[in-house]
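# 3D, please:
(one chain, ligands or ions: 1)
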Amino acid sequence: MSKSLSRVKAALAAHGLEARIVETPASTRTASEAAAAAGVEIDQIVKSILFQGEGGGLYLFLTAGGNQVDLVKASTLAGEALSRADAAAVRAITGFAIGGVSPVGHLTPSPLWMDRHLLEFAEVWAAAGTPNHIFAVAPDVLQRMTGAVVEAFTVSLFS
Ligand code: 5CA
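Next up is the predicted model:
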């Protein structure tokens with residue numbers, strides 16, 4: 001088993017959720033692929049999106065699949081100007097490759113926020129460390145597990 005998947009399993013096991021991980025035959029690298037694989041609507045997919053501050057620190061925004069992070073709102077929350085983290089920084093801090101970044105099990109935890117839209121669902125799905133593993137979780141449980149601050153920091157991709 002990959003080290004990335006093992007780290008997610010361990011993080012979920014601490015909350016009794018290990019069994020919620022599903023290995024999918026098809027890719028779950030993108031939110032739309034993950035939604036198709038899980039058979040749910042795209043907003044039930046948790047995107048784990050990392051931004052980098054001017055000082056080099058990373059910030060994690062757990063975002064509903066059909067939403068995008070509003071950079072101005074995200075920068076206000078972080079307290080500094082943000083830009084997209086590059087793939088190498090994401091790998092170094094989280095231990096995950098882009099396309100499989102999980103909300104849990106990061107090598108180094110980052111300050112994090114959660115899109116309040118995710119709380120409208122009974123269940124959401126997130127990456128489990130690889131491009132073909134996802135797990136289901138109640139959004140309030142995910143919020144408690146991660147300590148994410150629930151905020152509105154997005155705009156819809158479809159409006
Ligand atoms: N497994 C899926 C669903 S959970 C997933 O990881 N989706 S995701 O949205 O969280 O991760 C893909 C995100 O990585 C994209 O939204 C995109 O914003 C970001 N991304 C893709 N390529 C790069 C890149 N080269 N550098 C930084 N971020 C990237």
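
# near the ligand, which residues of the protein?
Contact residues of the chain with respect to the ligand, defined by CB under 6 Å from any ligand atom, are listed as 28-31, 34, 45-49, 84-87, 98-101, 126-127. Glycine gets a C-beta too; all of them are placed from N, C-alpha and C.

# how about the secondary structure of Gly129?
coil (DSSP: H, G, I helix; E, B strand; the rest coil).

# what sits against the residue lying closest to Leu82 once chain neighbours are set aside?
For Leu82, the nearest residue in space outside its immediate sequence neighbours is Phe51; the separation is 4.0 Å by CB to CB, 6 or more residues apart in numbering. In this structure, Phe51 makes contact with Leu58, Tyr59, Phe61, Val69, Leu71, Ala74, Ala78, Leu82, Ser83, Arg84, Ala85, judged by CB atoms under 8 Å, 6 or more residues apart in numbering.

# how about a cut-off of 7 Å?
Contact partners of Phe51, counting by CB atoms under 7 Å, 6 or more residues apart in numbering, are Leu58, Tyr59, Phe61, Ala74, Leu82, Ser83, Arg84, Ala85.

# and the fifth one, how many residues sit next to it?
Residues lying near Leu82 (other CB atoms under 10 Å) number 23.

# between the contacts of Phe51, which has the most around it?
When neighbours are counted as other CB under 10 Å, the busiest of the contacts of Phe51 turns out to be Phe61, with 28 neighbours.

# let me know whether that one touches Ser110 as I believe.
No: between Phe61 and Ser110 no contact is recorded; they are 9.7 Å apart, counting by CB atoms under 7 Å.

# any chance of the contacts of Phe51 in CSV, plus pLDDT and secondary structure?
Formatted as CSV, the entries for those read as follows, by pLDDT from 0 to 100; DSSP: H, G, I helix; E, B strand; the rest coil:
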residue, pLDDT, secondary structure
Leu58, 98, strand
Tyr59, 98, strand
Phe61, 98, strand
Ala74, 98, helix
Leu82, 98, strand
Ser83, 97, strand
Arg84, 97, strand
Ala85, 98, coil
